[in-house]
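Enquirer: output the structure for:
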Amino acid sequence: MRYFKKIIGENIYLSPINMDDYETYTEWINDLEISINLGNAHQIFNLDKEKEITEQLAENNFAIIDKADDKLIGNCGIFDIDQVNKHGELGILIGEKDYWDKGIGKEAISLILDYGFNLLNLHNIMLKVYSFNKRGIKCYKKLGFKEIGKRRESRQVAGEKYDEIYMDILSSEFKDSKISVSQLPHPNQKQD
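Expert: You can find the predicted model right below:
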């Protein structure tokens, strides 16, 4: 697969999504352990459907790639962007389970927040997470997300009811910027 280093972190980089990866995404999205946190474990995804979804994702999402071996790990992005009011919603999927609990999700979210706040010039980025996703909630809080509300008992899994938690972070609360304004060329500056 071919990837491009758009936003580079310590262990990973974010690349435009490679459309040839739709088979990998199909495998991940049909794994109940992965899809349960996305809220679509009850759906069936075949190759054709996932190829169509991957095409849509490619418009505003990045592939998460391991810097060491250029391996696809997952994807993340900001969607429902409102440029007038400067807000959007974050989504992330770590499909390679070998990368769970290793800080990769935190690093990917930090990179996508940096992109959202410093390149898209957003002010508020929110996300939704189910109350049973303790690992995700812990990660989001570490990055500075705050709970802003919940939809009570809105998700039912195996007879149990769970809340949908809404969290957000403001640009002024984001502290992990990798993009330095001093390193960016000024729009009026001549390039060599």
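Enquirer: quick one: residue 20 and residue 130, what's the gap?
Expert: 31 Å (C-beta to C-beta, to the nearest Å). Heads up, the C-betas are built off the backbone N, CA and C, glycines and all.
Enquirer: sorry, wrong one. I was asking about residue 136.
Expert: 8 Å.
Enquirer: shared neighbours, the two?
Expert: Common neighbours of residue 136 and residue 130, using C-beta atoms under 8 Å, 6 or more residues apart in numbering, are residue 37.
Enquirer: residue 20 and residue 130: which has the busier surroundings?
Expert: Comparing residue 20 with residue 130 by other C-beta atoms under 10 Å, the one with more neighbours is residue 130, at 19 against 11.
Enquirer: correct me, but that one touches residue 166?
Expert: No: if you go by C-beta atoms under 8 Å, residue 130 and residue 166 don't touch, sitting 11.2 Å apart.
Enquirer: which other residues reach stretch 70-85?
Expert: Contacts for stretch 70-85 (C-beta under 8 Å, 6+ apart): 1, 3, 12, 14, 17-18, 21, 24-25, 28, 57, 60-66, 87-96, 99, 104, 108-109, 111-112, 115-116, 120, 122-123, 125.
Enquirer: and the buried ones among those residues, selectable in PyMOL?
Expert: To isolate the buried members of those in PyMOL, using 16 or more other C-beta atoms under 10 Å:
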select buried, resi 3+12+14+17+18+21+24+25+28+57+61+62+63+64+65+66+87+88+89+90+91+92+93+94+95+96+99+104+108+109+111+112+115+116+122+125
